[in-house]
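Novice: Everything below, folded, please.
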Amino acid sequence: MEHNTRTHRWRRLLAIPAAATMIGFFSLPVATAQATTTTATPSGIVSQNVALVESADGGNGGTFPTSGFPNSYAPSFTDVSVSSIEDPTTNPLTGFDTVVFVQLGDIGTYLANSTFQSRIDSFVSGGGKLIIWDSETNPDYSNFIYPFTSDNPGAMGASGSTLNIVEQSTLSSSDPASSSYVDVTAVEAEDAVGDANVMTTYDPAWYVDMTASNTNHVTGPVQAYARYGNGLIIWNGLDMDPLSGMSTFDPASSDPDVQESRIWMLDLLQRFNPDNLPAEVKVFGVTLTPHTQQLLTGHQATLSALVTSATTPQADVEVTFNVTAGPNAGKTGSATTDSSGNAVFNWVGSAAGTDTVTVSASLSDSTNKQVTVSDTAYVTWTTETSGGEPSTNPSALAGYLMVGSDGGVFAYGGAGFYGSMGGKHLNGQMVGMVRTPTGSGYWLVAADGGVFSFGDAQFLGSAANLHLNAPMVNMVRTPTGNGYWLVAADGGVFAYGGAGFYGSMGGKHLNGAVVDIASTPDGNGYWLFAKDGGVFSFGDAQFFGSAAMDNLASPIVSAAATPDGNGYWLAAANGAVYAYGDAGPLGSMSHVPLNKPIVGFDNTQTGKGYVLAGADGGIFNFGDSTYAGNAVNLNLVGPIVHIADQ
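Specialist: Numbers count the residues shown, from 1 in each chain. From the prediction side, this is the model:
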């Protein structure tokens, strides 16, 4: 039987965003910021009115640039003294959306002042952003909202230490194509990293963005963040010495000043109230992912718990899962974390409603005292509407399916298993698959043009009896599921059911074979994608660019269109992802060694996530695509050839 329900979690490697076109990261909302009354849009706001406590120059070397930012970004900066914040008569933070602590070595004294502490507390909880930059100081944050300590080398002038990006996000990215790119090698060239303060905390509110190994050979978070009320806190321990107060912010520059200035700029540009940060790795604690999901009743939910201490994944930790409220209240489970610090919990939804799920574990703090850490996630179960149509909620079809060359089908998460061709005679190996609109069925297509339908998928014809000039490579359905198209390696397109024919590349010269096809949202057009990066549009499909003129390190193997039809992604065998139009650059595997090449790519219904599949069944999720398992440890009869997400 091909339906795989294994709960072994293969460690998900860090996402590295890649894109061929930039998205509008620097487009700024029009907003008037108030210290505790900021009105946030659904996508949050960026820093516009900034209070520097006490100035852009921290007094220990280095000065923050306060002008010259790209894309017309021009926040205002005002110096605010500590004494004015301590003065109970007038609150100087009113009117600011962001407060920056610049090398406040005496912060312990300030936090002992009740007025100072309460004003910072209310500023952040009311929706403000607090940015803390510590370096060449020995600060005392024991009375802070979320206490922490740090290892502080002081002014050693040390260079050559290591800086790493842990979470690929809008705070930092390792990929030069990302708008949040930071060249960590350039930052390492001077004492920004060697003299850096490195965080230690046993408060589970902190998430890690970057880690460093300083000149004391202490490794830990050098940039971390935490949410408090409606606000956001960003802590950074890099030494400010390389900062000159002037910068070009050029992502291609190897100047340490420029690259550290980019980190400062990205801290300012980081949206808040709400933020869009992934919150995937706690400095200390347990993290449940995904935090929210919506599934059809009768399907399986999967939650993964990652246990970390000082950002290091903790193996062999017993974790307990409890559904504390909702239609499945009372369901429990326990698991021991694997070598990657992960443990997985699965259950099937029995009725409509929202399950509240908690996870708990016990970790040792600095004194070897056992600390109970926990996290909470929510799963909403829905049924079909009274009219018999499936839910149109983008998350209702969570999970994904993989198909092997032998026709075996492997279902994960909320995806249902409805049968396969595994163990049956095939005239041609399986090459592709697509799910029905309801998620309660799927079609498979073989290289000879044979089509096989399962669940509520209707058989509408095949090319199995045709003389093909080239083998089939994949298929795509119409938006309603009343038809489908098959595409061959020579660009030939074959339409069945309600699918219209709008043209093909059959009989025309191609520099690279066609590998995939995607439909427009109304079904009145489609794109063909070639292995050399070429893109061909037909019907109402618009051309947004291609990689045909790029010197690709690896051939394109799969592609998908955004839900609104205004963009598409191309995926290469080495895990690189190229984004065009409104397709978001959410990550890639191009800089990570792969055991087997990537063979499949698909996006979620929201367009805010996608998944890559390797020939060995490896799974790599980005954005809101949820990891639910992989086939790496299975004895596959044939290699995986494609994946179908929501």
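
Novice: Give the residue farthest from the middle of the chain.
Specialist: For the chain, the residue at maximal distance from the C-alpha centroid (Cα atoms, centre = their mean) is residue 89, at 44.8 Å.

Novice: Please report how far that one lies from residue 115.
Specialist: 10 Å (Cβ to Cβ, to the nearest Å). C-betas here are computed from N, CA, C, even on glycine.

Novice: likewise residue 144?
Specialist: On the measure of Cβ to Cβ, residue 144 and residue 115 end up 16 Å apart.

Novice: Between the two, which has more neighbouring residues?
Specialist: Comparing residue 144 with residue 115 by other Cβ atoms under 10 Å, the one with more neighbours is residue 144, at 22 against 14.

Novice: Can you get me the centre-to-centre distance for the lengthiest helix in the chain and its chain?
Specialist: The single longest helix within the chain, with elements called by DSSP state H, is helix 256-269. Centroid separation for helix 256-269 versus its chain: 21 Å, with Cα atoms, centre = their mean, to the nearest Å.

Novice: next helix or strand past it?
Specialist: Next in sequence after helix 256-269, counting helices and strands by DSSP states H and E, comes strand 284-289.

Novice: got the buried residues for the helix or strand following that following strand?
Specialist: On the C-terminal side of strand 284-289, the closest following helix or strand by DSSP H and E is strand 292-296. Using 16 or more other Cβ atoms under 10 Å as the test for burial, strand 292-296 gives 293, 294, 295, 296.

Novice: Touching, residue 522 and residue 480? I think so.
Specialist: No - taking Cβ atoms under 8 Å as the definition, residue 522 is not a contact partner of residue 480, at 9.9 Å.

Novice: Sketch out the helices for the protein, chain order is fine.
Specialist: Counting by DSSP H, the helices of the chain are 82-86, 107-111, 114-125, 184-188, 191-194, 256-269.

Novice: ok now the second one, how far from the chain's centre?
Specialist: Just to be clear, that refers to helix 107-111. That offset, for helix 107-111, works out to 36 Å (Cα atoms, centre = their mean).

Novice: That one - contacts with which helices or strands?
Specialist: helix 82-86, helix 114-125 (3 or more Cβ pairs under 8 Å, 6 or more residues apart in numbering; DSSP states H and E).

Novice: can you check the fifth one too?
Specialist: Other helices and strands packing on helix 191-194, by 3+ Cβ pairs under 8 Å, 6+ apart, are strand 162-165.

Novice: Partner strands of the strand it packs on and their direction?
Specialist: strand 207-213 (antiparallel) (DSSP bridges).

Novice: Next, the angle strand 284-289 makes with the partner strand.
Specialist: Using axes from the mean of the first three to the mean of the last three Cα atoms, to 10 degrees, one finds that strand 207-213 and strand 284-289 are set 130 degrees apart in direction.

Novice: Dump strand 207-213 to PDB, keeping only the CA atoms.
Specialist: Provided in PDB are the C-alpha atoms of strand 207-213 (Å, rounded to 0.1, in the frame of the first residue of the first chain):
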ATOM      1  CA  TYR A 207      13.500  33.600  18.400                       C
ATOM      2  CA  VAL A 208      16.900  33.600  16.700                       C
ATOM      3  CA  ASP A 209      17.600  35.300  13.400                       C
ATOM      4  CA  MET A 210      21.500  35.200  13.300                       C
ATOM      5  CA  THR A 211      24.200  33.500  15.400                       C
ATOM      6  CA  ALA A 212      27.800  34.400  15.900                       C
ATOM      7  CA  SER A 213      31.000  33.000  17.400                       C
END
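
Novice: and the angle from that strand to helix 256-269?
Specialist: For strand 207-213 against helix 256-269, the angle by the same axes, to 10 degrees is 170 degrees.

Novice: Quickly note the distance from the residue nearest the centre of the chain to residue 377.
Specialist: The centroid of the chain falls nearest to residue 623 when counting by Cα atoms, centre = their mean (3.6 Å). Separation of residue 623 from residue 377 (Cβ to Cβ): 17 Å.

Novice: beta partners for residue 301?
Specialist: Counting by DSSP bridges, the residues bridging with residue 301 are residue 347.

Novice: Thought residue 380 was touching it, still the case?
Specialist: No - under the criterion of Cβ under 8 Å, residue 301 makes no contact with residue 380, lying 9.9 Å away.

Novice: Next, show the common contact partners of these two.
Specialist: Common contacts of residue 301 and residue 380 (Cβ atoms under 8 Å, 6 or more residues apart in numbering): 293, 295, 355.

Novice: Enumerate every residue touching the last one.
Specialist: If I follow you right, that is residue 355. For residue 355, the contact set (Cβ under 8 Å, 6+ apart) comprises 301, 323, 325, 326, 327, 328, 329, 349, 378, 379, 380, 381.

Novice: in the stretch 451-600 of the chain, which segments are predicted with low confidence?
Specialist: Within the stretch 451-600 of the chain, no stretch has pLDDT under 70.

Novice: which intervals of the protein have sub-threshold pLDDT?
Specialist: Scanning the chain for pLDDT under 70 picks out the ranges 1-43, 152-158, 160, 194, 366, 383-398, 646.

Novice: Can you give me every residue that contacts residue 100?
Specialist: Counting by Cβ under 8 Å, 6+ apart, the residues that residue 100 touches are 50, 51, 52, 53, 64, 130, 131, 132, 133.

Novice: List just the nearest of the residues you listed to residue 244.
Specialist: Nearest to residue 244 out of the contacts of residue 100 is residue 64 (Cβ to Cβ; 9.9 Å).

Novice: May I see the buried residues of stretch 633-640?
Specialist: Buried-residue list, stretch 633-640, by 16+ other Cβ under 10 Å: 634, 636, 638, 639, 640.

Novice: List the buried residues of stretch 317-336.
Specialist: Across stretch 317-336, burial judged by 16+ other Cβ under 10 Å covers 317, 319, 320, 321, 322, 323, 326, 327, 328, 331, 333, 335.

Novice: do the same with stretch 131-151
Specialist: Neighbour-count burial for stretch 131-151 flags 131-137, 139-141, 144-146, 148-151 (criterion: 16+ other Cβ under 10 Å).

Novice: now swap in stretch 353-362 and tell me
Specialist: 353, 355, 357, 359, 360, 361.

Novice: cool, stretch 509-529 as well?
Specialist: Using 16+ other Cβ under 10 Å as the burial criterion, the residues of stretch 509-529 that qualify are 510, 512-520, 523-529.

Novice: on that earlier part again, any chance of the buried residues of stretch 633-640 in CSV, with distance to residue 339 too?
Specialist: As requested, the buried residues of stretch 633-640 are exported to CSV (distance: Cβ to Cβ, whole Å):
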residue, distance to residue 339
634, 19
636, 22
638, 28
639, 25
640, 23
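
Novice: re the thing from before, please identify which of the helices of the chain is closest to residue 172.
Specialist: Nearest of the helices of the chain (Cβ to Cβ): helix 256-269, 6.4 Å.
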